[in-house]
Each structure stands twice: as structure tokens, then as C-alpha cells.
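> just coords:
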């Protein structure tokens, strides 16, 4: 995970008396402003797939004087909060189930053929990182005038050495994080056979392909879902 995400999860778990080692293994690198600014175009419906994307896009809109038009959707409460900090009073819609599936089941983003309200001639833009949540893109591109706008990429961060033998579970929030952990600690992870808590089916599929057996997928990528998932493991 990145630092902003892992800090909140670590704090919540410590309140529940878990021993937590916070080691973010990925960081966020904003794409060049000259590249992003030329691509920022708000649509009828604007979908933010991470709090990083929200902070970057809303900052650019403010700096460049881009009007905040259309409707705004966030994949979770943390992402909505990042939008609202930059644009107080802006209405942001969040799904009850805070993940890609929950987002796509909102009536406003569900096609009319499936009982929703989304029309083929509506414009929808997603704002995300490179190699982000392609499930959303695949679903929307078939049912509207769709645009996917990348505003950042993840990079591997340096972190202090970790003694895997002292760990019972690892929370993994992205494909990049799982790859980084696997590349550095594969032998120790598999020897310990510890639990991998992941936040999406894509990460779970990669973990399975890499040979891990104890994979637990949370119901969402938000802090509450992840903490609830870890609590069920009864690791204290």
C-alpha cells in the first residue's frame, strides 16, 4: 500500500489491539502536469477510483480554473473526502459497497439495458492511476461515451527490512505492492504460509498465480472493510 492508505489502516488496527508493522512498499508519482492538464476534461459523470486521483485532478481544476461540472462519483469514502477537501460543498456519490462492483451497480453508472440509468450518449470519465481498476473501464466503455484518464503511477518505495517470521498476515492493497513483496520475500512468505489480505479479485488472482494459498479478499478497498477482514482472522 501507499503511505496515506496504510497509515489509516494501521491506526485503526492498533485501536483494536493488533500489533502492526507499517511498511508501505509503493509510492505515488504524479504524471507530468503538462501531460495531465491537457487531458483533464470533465464529463457528464466523473468517476474517481482513488483518493490520489481525486487530489491531483481537483488541484489541477482549481489551479487552471476548470469549472466543476457534471456529477461526481467516488469508489469509497476516503476518495470522496479527498474531493470534498478540495471542493467543499460538492456533492459526491459513493456506493454502499465500496469497491468496483459497488460503483458499477450504482443506477447512474448501470446501463439502461440492465435496469439502470446510464445512456449510450452520456459522457463518463474515470480518473485513476496507470494499471488501475480495469474492471470499471471494461464495464463502462461498452455502455457510454467513455474516457479513461491516468493521472499518476505507482512506484516501488524503499522500506526497512522486515522479519517475515514475526508476521502472521500481510495487507496488500495493489498489484504493484504484491509484486514488490513477492520479489523481495517470496521464499520467506511461502515458508511461513502466512495470510495475504487483498482488496480486490485482481490481486487475489495474482496471489494465486504466484503460488500463495492463504488468500483472503476483503469486501472493499476502504479502511473499514480491510479492518473487518483482518479482525475475522483473530491474529491477536
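Received, thanks. What you are looking at is a predicted structure, and each value in this text was computed from that prediction instead of being measured. Numbers count the residues shown, from 1 in each chain.
> any buried residues in the helix or strand residue 190 falls within, and which?
Assigned by DSSP states H and E, residue 190 belongs to helix 175-192. Residues of helix 175-192 classed as buried under the neighbour-count rule (16 or more other CB atoms under 10 Å) are 175-182, 184-185, 189, 192. All C-beta spots, glycine's among them, are computed from the backbone N, C-alpha and C.
> and the residue of the chain most remote from its centre, how far from residue 155?
The outermost residue of the chain relative to its centre, with distances by CA atoms, centre = their mean, is residue 191 at 29.1 Å. Using CB to CB, to the nearest Å, residue 191 is found at 28 Å from residue 155.
> and residue 21, by the same measure?
To residue 155, residue 21 is 21 Å away according to CB to CB.
> one more: residue 114?
Residue 114 sits 37 Å away from residue 155, going by CB to CB.
> do residue 53 as well
As for residue 53, its distance to residue 155 is 16 Å (criterion: CB to CB).
> show me which of those two is the more surrounded one.
Shown here are residue 53 and residue 155; by other CB atoms under 10 Å, residue 53 has more neighbours (27 against 12).
> what helix or strand does the more buried one sit in?
Following DSSP H and E, one finds residue 53 within helix 51-64.
> also residue 127?
Assigned by DSSP H and E, residue 127 belongs to strand 123-129.
> that strand packs against which elements?
Packing contacts for strand 123-129, counted by 3 or more CB pairs under 8 Å, 6 or more residues apart in numbering; DSSP states H and E, involve strand 45-48, helix 51-64, helix 134-140, strand 145-156.
> please repeat the previous calculation with a cut-off of 10 Å.
Applying 3 or more CB pairs under 10 Å, 6 or more residues apart in numbering; DSSP states H and E, we find strand 123-129 packed against strand 26-30, strand 45-48, helix 51-64, strand 71-74, helix 134-140, strand 145-156.
> direction included, what does it pair against?
Sheet pairing of strand 123-129 (DSSP bridges) gives strand 45-48 (parallel), strand 145-156 (parallel).
> and the next helix or strand after the longest one, average pLDDT?
Okay, so that is strand 145-156. Sequence order places strand 169-172 as the next helix or strand after strand 145-156, per DSSP H and E. Per-residue pLDDT over strand 169-172 has a mean of 91.
> all good on my end, thank you.
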